[in-house]
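Novice: this is the structure alone, sequence omitted:
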């Protein structure tokens, strides 16, 4: 990469890092794993920077890399670290800006990985069914059916939480 390419890459990543991290957290429900996923995705974006830069939508290309990285990591459970039930010397809880984030996380965990990815791409990032299908390398029909099933599962799970 030339210096200009390198600078452009760093600016691209820096402008999107927080958004990618939140997206990764929504998918995996763990900040440490989210950071790992973002690191993997940034490495892949760097390796393919010329293709990313020339894409019609570099943002969507990079999001596709992040989402596919998460789906691939889900298939490799032996590479994951499993946290202990209790950690020593826990810091005090930091107040969260969103009070229902924990229940949203539980709801998202009730979905399978592909449904979770589809709903995050469709409703968190507001990608179209066609864009989502391209990112996940599935048909538009699969995106639509996964969206419908995922929303139905979320509604049922939300209803059961309400009691």
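Specialist: Structure received. Just so it is clear, the structure is predicted and the values come from calculations on it, not from any experiment.

Novice: which pLDDT value goes with the closest residue to residue 139 other than its chain neighbours?
Specialist: Excluding the flanking residues, the one nearest residue 139 by C-beta to C-beta, 6 or more residues apart in numbering is residue 133, at 6.0 Å. No exception for glycine: its C-beta is placed from N, CA and C like everyone else's. The model reports residue 133 with a pLDDT of 94.

Novice: swap in residue 74?
Specialist: 76.

Novice: what are the buried residues along the worst-scoring helix or strand of the chain on mean pLDDT?
Specialist: Within the chain, confidence by mean pLDDT, DSSP states H and E is lowest for helix 101-109 among all helices and strands, at a mean of 77. Under the neighbour-count criterion of 16 or more other C-beta atoms under 10 Å, helix 101-109 has 107, 108 buried.

Novice: ok now it, how far from the chain's centre?
Specialist: Centroid displacement of helix 101-109 relative to its chain, using C-alpha atoms, centre = their mean, to the nearest Å, is 14 Å.

Novice: just stretch 43-55 next, same as before
Specialist: For stretch 43-55, the distance to the chain centre is 18 Å (C-alpha atoms, centre = their mean).

Novice: who touches residue 27 in this structure?
Specialist: Going by C-beta atoms under 8 Å, 6 or more residues apart in numbering, residue 27 touches 34, 37, 67, 70, 113, 116, 117, 120.

Novice: can you pull out the helices in the protein?
Specialist: All helices of the chain, identified by DSSP state H, fall at 3-28, 31-47, 49-54, 58-74, 101-109, 113-119, 129-136, 140-162.
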